[in-house]
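J.: What follows is a predicted protein model with its sequence.
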Amino acid sequence: MLLSSHSLPARHAVKQQLVANACASSRILLSAKRLRRHERSLPAFSPVVGLAVHPAVAQHTSSSTAHMSSKANSNQNPAAVSESGLPRTAVVGVLGGGQLGRMMALAAANMGVTIRALDPAPDAPAAVAADLTVGHFRDAAAISAFAGGCDVLTVEIEHVDADAMEEAGRSSGVDIEPTPVTLRIIQDKHAQKQHFDAAGVPVGPYADVQDQASLEAAAANFGYPFMLKSKRLAYDGRGNYVVKSAEHLSEGVRALGGFEHGLYAEKWAPFVKELAVMVVRSRDGQVVSYPVAETVHKDNICHVTEVPACVPDQIQAEASKVAEKAVACLNGAGIFGVEMFLLIDGSLLLNEVAPRPHNSGHYTMDGCVTSQFENHIRAVLGWPLGDTSLNCGCCIMINLLGEADGNEGNRIAHDIMAKAYQTHGASVHWYNKSGMRKGRKIGHINIVAGSRAEARQKLARIDAAAAQSLQTSDEAARQAGLVAAAAAAGDTGDSRLPKVGTWYALAVHVKVMFQLSHDPQHALWMTSEADIDEAGRA
């Protein structure tokens, strides 16, 4: 039976005892060596200096500290930074060593926290700041051996072996955040829809597709176009197929691997904008959200993120509410990326949730008081959550995607980076991946500014097409006679626009036509584990 995650000092003591009892094993000897580091005295470290605590957490932290002081004091660990959390010397194990693991490890290094990463690539990006173990995050034996050298286990990719993680928790006492139960829910997109639907989170109509009869029933109920999707191992548009007519039904099934692969259908969502909210969840279930972002996609991959989203205040508030409700009904601590659609009537539908740092939250590295990566580390260790507020008027993130293979792709990427280095307020984050491929995520650029207008001007100097994509998203507002209001929002960095109105009808036409213009025959089905692993690091 897994130990409660609410008694971390006690859990840590149990882990130490487990190590002592089994020190004859070579795997446990490694763990014992690591645990001895927790006993070193580190008087120079301050548990307060440099840690910005979210205002909403302060009162909760104070009461928790008083409640658990006797238990924490008995721990007497000089590296403790929280009354109820693990000490700073605890080792955080991460399944996956891609760019998310890299940025997580860099954030942890600044906090003095040791990160170990399990990844099949010996030159995985996370190796820059993590202790890398070569092995696959879907290999049960590799996960079991890896977990023995960690105090808490988390993920940078959801396509892991959740059963192996759960078994590792039982056998070694390692804590797992978020929980294997949550990972299983997220891994199956149909199960994810069912879970959030049952919890009262707004989701669009969906249907299980097990055979031709259920496929035709979904088509009859949803009409055309509708989305046919793979339940598992799908990301960045991969595993999705737009069914435009009855003639495309069979082709969609074939493109996604057949009925036996596990399919489901979703009614087409005529969205105006795509919104995203990062939400950090503490071990006791408290959720704190970051500002609402707008995301613009290019070839089904997040291309630009703008924060705050240029939508009315009431929609921002509702988006935060939906995101927090979704994360609150899951189990385990960490950062979660919540994506949703803003519809023609101003309502919101949840699209999907990622149980890890997310591409739409990369802006937090330069645009917020506490980055999504630092807050993930804080959460899984049981430390106070950091301040999620913006530290600027507006922040824009642009993904650096491989525009071509090999040297040509490198040249194009570095030309964009050169423009960023000449732009005040722009910061480049390079992932140092081996090899350049078209469409591969190789880095991102964050732009901070005092206002939306200033941020977009800077973006235009770096990538004019990316800046135009944001203008296109707002074009319907201008066509509806809301130029002054939209400009005011842009000039001040304020997200306030007039109440929901007729501009939605115009915007949805632009969005739907853009979506349907993409070739539905290109279902972006992933045919290898390497494709899946690469796509999952978003």
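T.: Structure's in. What do you need?

J.: quick one: the helices in the stretch 101-250 of the chain?
T.: 140-147, 162-172, 180-187, 189-198, 212-222, 249-255 (DSSP state H, counting those that start in this stretch).

J.: Show me what the second one is packed against.
T.: Counting contacts by 3 or more C-beta pairs under 8 Å, 6 or more residues apart in numbering; DSSP states H and E, helix 162-172 packs against helix 140-147, strand 152-155, strand 175-176, helix 180-187. Any C-beta I mention is one placed from the backbone N, CA and C, and that applies to glycine too.

J.: Go through it and flag the buried ones.
T.: A162, A164, M165, E166, E167, A168, G169, S172 (16 or more other C-beta atoms under 10 Å).

J.: of those residues, closest to S250?
T.: A162 (32.8 Å; C-beta to C-beta).

J.: residues contacting that closest one?
T.: P180, L183, R184, Q187 (C-beta atoms under 8 Å, 6 or more residues apart in numbering).

J.: where in the stretch 1-150 of the chain is pLDDT low?
T.: Along the stretch 1-150 of the chain, segments meeting pLDDT under 70 span 1-75.

J.: What subset of the contacts of A162 is buried?
T.: P180, L183, R184, Q187.

J.: Now distance to G435 and pLDDT too, for those, in JSON lines please.
T.: Listed next are these as JSON lines, based on distance: C-beta to C-beta, whole Å; pLDDT from 0 to 100:
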{"residue": "P180", "distance to G435": "32", "pLDDT": "97"}
{"residue": "L183", "distance to G435": "29", "pLDDT": "97"}
{"residue": "R184", "distance to G435": "32", "pLDDT": "97"}
{"residue": "Q187", "distance to G435": "27", "pLDDT": "96"}
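
J.: farthest pair in the residues you listed?
T.: Among the buried ones among the contacts of A162, P180 and Q187 lie farthest apart (C-beta to C-beta), at 10.1 Å.

J.: so how far is G332 from the residue minimising distance to the centre of the chain?
T.: Residue closest to the mean C-alpha point of the chain, counted by C-alpha atoms, centre = their mean, is H358 at 2.3 Å. Here H358 is placed at a distance of 16 Å from G332 (C-beta to C-beta, to the nearest Å).

J.: likewise N432?
T.: Counting by C-beta to C-beta, the gap from N432 to G332 is 30 Å.

J.: Of these two, which one has the most company?
T.: G332 (23 against 13; other C-beta atoms under 10 Å).

J.: which ones are touching the closest residue to that one other than its chain neighbours?
T.: Leaving aside its chain neighbours, G332 sits nearest to P178 (2.8 Å; criterion: C-beta to C-beta, 6 or more residues apart in numbering). P178 is in contact with T154, V155, R281, L330, N331, G332, A333, G334, F336, P355, counting by C-beta under 8 Å, 6+ apart.

J.: Tell me the spacing between the third one and S289.
T.: Note on R281: its distance to S289, by C-beta to C-beta, is 10 Å.

J.: cool, the last one as well?
T.: Plainly put, P355 is 15 Å away from S289 if you go by C-beta to C-beta.

J.: One more: D208?
T.: Counting by C-beta to C-beta - D208 and S289 are separated by 31 Å.

J.: higher neighbour count, the two?
T.: Between D208 and S289, S289 has the larger neighbour count (other C-beta under 10 Å), namely 20 against 14.

J.: hang on, the earlier thing: out of the helices of the stretch 101-250 of the chain, which is closest to T133?
T.: helix 140-147 (5.5 Å).

J.: can you pull the buried residues of the closest one?
T.: A142, I143, S144, A145, F146, A147.

J.: mind putting the residues you listed in TSV, distance to A466 included?
T.: TSV is the format used below for these (distance: C-beta to C-beta, whole Å):
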residue	distance to A466
A142	39
I143	39
S144	44
A145	43
F146	39
A147	41
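
J.: Closest one of these to K419?
T.: F146 (40.8 Å).

J.: what about the chain, any weak spots by pLDDT?
T.: Short version for the chain, where the test is pLDDT under 70: 1-75, 235-237, 476-538.

J.: mind putting the helices and strands packed on helix 162-172 in JSON lines, distance to V243 included?
T.: Converted to JSON lines, the helices and strands packed on helix 162-172 look like this (distance: least, C-beta to C-beta, whole Å):
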{"stretch": "helix 140-147", "distance to V243": "37"}
{"stretch": "strand 152-155", "distance to V243": "32"}
{"stretch": "strand 175-176", "distance to V243": "38"}
{"stretch": "helix 180-187", "distance to V243": "24"}
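
J.: between the ones you listed, which gets nearest to A80?
T.: Closest among those, using C-beta to C-beta: strand 152-155, at 14.9 Å.

J.: List the residues that contact D161.
T.: F137, R138, D139, A140, I143.

J.: can you check D123 too?
T.: Per C-beta under 8 Å, 6+ apart, neighbours of D123: S434.

J.: and it, how far is that from G435?
T.: 10 Å.

J.: Same check on T305?
T.: Taken as C-beta to C-beta, the span from T305 to G435 is 25 Å.
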